[in-house]
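Chemist: With the sequence up front, the predicted model follows.
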Amino acid sequence: MKRKGSVSIYLAIVFLSIVLLVCAVAETARVNAVQSKDKAVTMMAADSVMASYAKQVYEDYGILLVWQKESLDETLSKYIQANIKMADIEVSGEDFLGSDLQEVSVTKKVYATDNGGDAFVKQVSEYLKYAGLKYAIDKLLNNSKEIKEDDSKADNVDDITDKSYDDLADEVEETDKIIKEIKSLEEWSKINNEINETIKIKSEKWKKADKKLLKKVYKSCEKIQKIIVEKESDVNKAINKIEKYLEKKKDFLKKNNYKESAKDYMDENLTVLKKIKDKIESVKSFEFASSLSGNPSEKSYAEKFLYVTSQLEEYFRDLQIAKITEKDKHNKSIFDSVRDIFDKGVLSLVIEDTSKLSTASVNTSSLPSNTSMSNSLESSSLYDKAAVGVYSNLYFGNYIDAKKKNALKYGLEYLVAGKDSDKSNLASVVERLVAIRHLPNYACILKDAAKKAEIEAIATSVAAVTGLPFLEPVAKVILTEAWVLAESVNDIKILLSGEKLSLVKTQSNWKTSLTNLFGGATKGDESGFKYEVYLGFLLVISDRENIVYRAMDLIQMNICKNYNKEFRMNKGLMSFESKVTYDSPPLFTAMPWMVGMLGESGSYRFSINCNNGY
């Protein structure tokens, strides 16, 4: 009996051990299955989140993103719970793979606008590769090496076209009028000749003290004296004018980096006028009435007076005024019309009828470029700009090919300028294109001897007409810059008409003339690039972040206009990382001592890391 009892105990212990072993193996297998199931559940939930992409953004622009309307943690939890409980399937009996969601923690979220729009640019690049347009990026980058933005102008162009030039010319014109009056000596000469003739013919009568004759001479001298006194007012006025002019000239020369010692005939006139002023004082001291009470036989008093007045007459004739020919006047009119172009807006020069331009405008306050701009973590900025440029050319309009359904019809111009209206963006692009054309056009005109000679001839006439010889080099600069500007404007007219324009300017493809600045031919070149390509050049030489964020601005504006006013790119999720924690109660090893080893929860706890994105 004792032996049988021992065997029973032994067998019981062996059986229990076997049962425990089987339960442990079964529990281990179950836990691994639970973990696999929960991992699958987590991945499906993450896929479900990313499957809720913004349909309109994808269909219209080929960009995948999730527009978040609620917390990502909540959305992910909702999908996980639904998958755990198999909400769409009726299940009866015990769930051997059951587990409970404990916590969902999103550790990282990447939105379209984060990190300089790197995720957005990555999708754009992948899209272009898929569309077979990578060659277009390489072509744009290669062509862009031939172009260089140059906003510089020739020295001091902004300064020399300002009001100070006109002030100087006005001062000269007004002073010339006064001096012309001073130089008017017809009555003077007539009286003076009468006196000289009288003294010469009647010289014998002086010895006889012909008092009547002497009185006649002195009366004539008094008339001249009166004329001189009347001219004194004009002399003082002219002196004041010239002194004021010389002050302005000094400031002008200093401002425009010319020698302050530059002289013109006004400097000489001032010297002569000061001598005239001194002589007038001495002429005024002659008292002819008192001299008649003296010895009338001496004519020295009259001769002395006539000597002084003859000096005055020489001084009067030494005064200068501008002498101009009809040709000078014609050239001056050309110059004046040339200067007018600096006061006009470039857009009005390029497009004569601006009323036909798009009037679309937007509020930019909520756009990514104003709310979410940051720096890129990548280093391929040049490639990124070219990629965004090629991509944008597919979906956004421009002046040549406006997109009527878009918030801004000239989207590519917005990428370059970033202003709130189509007209402002086009004006900015036109100004930048004109600036780019400045360098090749300026180089061409400097190499053309005929054009340089034409400029010099007009500049010489301008100096003659204004009486400002030191302004001849200034006039040359203005004429050169104006001609270059006119040619650049004509170049942009060619582009906006849909024609090609060569990057290189030569005498053979120069279109404008100095006498008809805005009458140049608008026929394009046989080789070159069209307007859209030049816009691509502008994008490549622009700031990378500006281009990327403005592209997202356009997508947001258009989605808001056509589908949903609340849409925001900075809430467009492109990828995320999360950590999900689950609990699973023990099943095959649910003995008290085993459960106690599992901690306070009394369940198996494990975490699953998940990352998902486009």
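Modeler: Received the coordinates, thanks. Numbers count the residues shown, from 1 in each chain.
Chemist: Glu126: neighbour count?
Modeler: By other Cβ atoms under 10 Å, 13 other residues sit near Glu126. The way it works is simple: take the backbone N, C-alpha and C, and place the C-beta from them, glycine included.
Chemist: correction: Lys327
Modeler: When neighbours are counted by other Cβ under 10 Å, Lys327 comes out with 11.
Chemist: how distant is the helix or strand it falls within from the center of its chain?
Modeler: Assigning secondary structure by DSSP states H and E places Lys327 in helix 326-340. Put simply, helix 326-340 sits 31 Å off its chain's centre (Cα atoms, centre = their mean, to the nearest Å).
Chemist: what helices or strands is whatever helix or strand comes next after it leaning on?
Modeler: Per DSSP H and E, the first helix or strand lying C-terminal to helix 326-340 is helix 346-350. Contacts defined by 3 or more Cβ pairs under 8 Å, 6 or more residues apart in numbering; DSSP states H and E place helix 346-350 against helix 422-447, helix 472-496.
Chemist: okay, these in CSV with mean pLDDT and mean neighbour count next?
Modeler: Below are the helices and strands packed on helix 346-350 laid out as CSV (pLDDT from 0 to 100; neighbours: other Cβ atoms under 10 Å):
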stretch, mean pLDDT, mean neighbour count
helix 422-447, 91, 21
helix 472-496, 88, 23
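Chemist: quick one: which of the ones you listed is nearest Glu326?
Modeler: Of all the helices and strands packed on helix 346-350, it is helix 472-496 that lies closest to Glu326, at 18.8 Å by Cβ to Cβ.
Chemist: and that closest one, what does it pack onto?
Modeler: Secondary elements touching helix 472-496 (3+ Cβ pairs under 8 Å, 6+ apart): helix 157-160, helix 326-340, helix 346-350, helix 422-447, helix 449-466, helix 531-540.
Chemist: Among those helices, which comes closest to Leu306?
Modeler: Proximity to Leu306 (Cβ to Cβ) singles out helix 449-466 among those, at 36.9 Å.
Chemist: buried sites along the closest one?
Modeler: By neighbour count on 16 or more other Cβ atoms under 10 Å, the buried set for helix 449-466 is Lys451, Glu454, Ile455, Ile458, Ala459, Thr460, Ser461, Val462, Ala463, Ala464, Val465, Thr466.
Chemist: picking up where we left off before, looking at the helices and strands packed on helix 472-496, which is closest to Leu319?
Modeler: Among these, the nearest to Leu319 by Cβ to Cβ is helix 449-466 (17.5 Å).
Chemist: helices and strands around that closest one, which ones?
Modeler: Looks like helix 449-466 contacts helix 163-182, helix 326-340, helix 422-447, helix 472-496 (3+ Cβ pairs under 8 Å, 6+ apart).
Chemist: from the chain's centre, how far out does it sit?
Modeler: Going by Cα atoms, centre = their mean, where helix 449-466 is centred and where its chain is centred differ by 32 Å.
Chemist: Pass me the low-pLDDT residue ranges in the protein, would you?
Modeler: Counting by pLDDT under 70, the chain contains low-confidence ranges at 1-4, 86-96, 131-137, 140, 143-165, 199-211, 256-261, 289-300, 343, 588-602.
Chemist: Could I get the full set of strands for it?
Modeler: Shown for the chain, the strands assigned by DSSP state E span residues 66-67, 100-111, 572-584, 604-613.
Chemist: Make TSV out of those and add distance to Glu313.
Modeler: Listed next are the strands of the chain as TSV, based on distance: least, Cβ to Cβ, whole Å:
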stretch	distance to Glu313
strand 66-67	94
strand 100-111	91
strand 572-584	91
strand 604-613	98
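Chemist: can you redo the ones you listed as a markdown table with mean neighbour count and distance to Gln35?
Modeler: Formatted as a markdown table, the strands of the chain follow (neighbours: other Cβ atoms under 10 Å; distance: least, Cβ to Cβ, whole Å):
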| stretch | mean neighbour count | distance to Gln35 |
| --- | --- | --- |
| strand 66-67 | 22 | 27 |
| strand 100-111 | 16 | 14 |
| strand 572-584 | 21 | 8 |
| strand 604-613 | 16 | 6 |
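Chemist: Tell me which of these approaches Cys23 most closely.
Modeler: Of all the strands of the chain, strand 604-613 comes closest under Cβ to Cβ, at 14.4 Å.
Chemist: In its sheet, which strands sit next to the closest one, and in what direction?
Modeler: strand 572-584 (antiparallel) (DSSP bridges).
Chemist: okay, the angle between the partner strand and strand 100-111?
Modeler: 160 degrees (axes from the mean of the first three to the mean of the last three Cα atoms, to 10 degrees).
Chemist: Just checking the distance from strand 572-584 to the centre of its chain.
Modeler: Computed by Cα atoms, centre = their mean, the separation of strand 572-584 from the middle of its chain amounts to 46 Å.
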